[in-house]
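> Here is my input, please return the structure:
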Amino acid sequence: ALVRQLEHRLGEITAALLTFFEGGSVTSPRNAMRRAAVESLGAAFDLGWTDGGQDLPPDGDALDWLNARVEQEMGYIGQLFEQIKELRKEEDIDPLAWVSAKADAYAAASREAYNAARMYAKKNQMLTWQYGDTDHCAPCEGLNGQRHKASWYLSRNYIPRKAGAAMECGGYRCMCSLVDSEGNDFTI
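Here you go, the predicted structure:
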């Protein structure tokens, strides 16, 4: 269900960005993108919360995280449309490639929302940091094999693959994961 929702929302995000690239007013495409981004983050977050074994609505701490993340995203979207405004002036830009990269970033943001919600829902569950297949920054090296409650990772913003995480890599190139006691991947 999440995959279909994400595909739909990513299609809306792609359409909004391409529409503005083609010219015209910023208002309608920017609002369409904002709506799609909010719905995508919210749906992923709700699914992570329920997959974590909790009933909706999420608790206060989890909702605070989601609201802050949505607010942050609204700022990014404003910057994104300013960036497109400048890119439209360039002749050698490939709008489709540029837009595809941004859509991929929104897919990652939805995974981030899912992971955070699931961690909030299971805040007392013990999780082990596991290396991914990439070069590692010092914090990831130090965390490898460590076992902590989900809340410990959340409080330090040590969330694998989360853009803007507190590790040196910022989570941008992170391929690490958190695994549960049975060795199952906890983060997607």
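
> drop to CA atoms for contacts and neighbour counts, all remaining ones
Will do.

> In this structure, what residue spans correspond to strands?
126-130, 147-149, 177-179 (DSSP state E).

> partners of the first one in the sheet?
Applying DSSP bridges, strand 126-130 is found paired with strand 147-149 (antiparallel), strand 177-179 (antiparallel).

> taking those together, which one is wrapped up most tightly?
strand 177-179 (a mean of 22; mean count of other CA atoms under 10 Å).

> what's the spacing between that one and its chain's center?
In terms of CA atoms, centre = their mean, to the nearest Å, the centre of strand 177-179 is found 16 Å from the chain centre.

> what's near enough to touch the closest residue to residue 6 other than its chain neighbours?
Distances taken as CA to CA, 6 or more residues apart in numbering place residue 40 nearest to residue 6, at 6.3 Å, with adjacent residues excluded. Taking CA atoms under 8 Å, 6 or more residues apart in numbering, we find residue 40 in contact with 5, 6, 9, 110.

> From those, pick the one nearest residue 74.
If you rank the contacts of residue 40 by distance to residue 74 using CA to CA, residue 110 comes first, at 14.2 Å.

> now what about stretch 112-128, what contacts it?
Contacts of stretch 112-128 (CA under 8 Å, 6+ apart): 41-42, 44-54, 58, 61-62, 66, 144-151, 154, 159, 161-163, 178-181, 186-188.

> Give me the mean pLDDT for it.
If you average the pLDDT over stretch 112-128, you get 95.

> Just the closest of the contacts of residue 40 to residue 130, please.
residue 110 (21.4 Å).

> Touching, that closest one and residue 36? I think so.
No - using CA atoms under 8 Å, residue 110 is not in contact with residue 36, being 11.2 Å away.

> show me where this protein has helices.
2-21, 27-51, 60-87, 95-121, 138-143, 150-156 (DSSP state H).

> Where among the ones you listed is average confidence lowest?
Among those, helix 2-21 carries the lowest mean pLDDT (a mean of 83).

> so what does that one touch, helix or strand wise?
If contacts are counted by 3 or more CA pairs under 8 Å, 6 or more residues apart in numbering; DSSP states H and E, helix 2-21 sits against helix 27-51, helix 60-87, helix 95-121.

> got a list of what the residue nearest the centre of the chain touches?
Note on the chain: the residue nearest the mean C-alpha position is residue 109, at 1.6 Å, using CA atoms, centre = their mean. Listed by CA under 8 Å, 6+ apart, the contact set of residue 109 reads 41, 162, 163.

> let's see 10 Å
37, 40, 41, 44, 69, 73, 103, 115, 161, 162, 163 (CA atoms under 10 Å, 6 or more residues apart in numbering).
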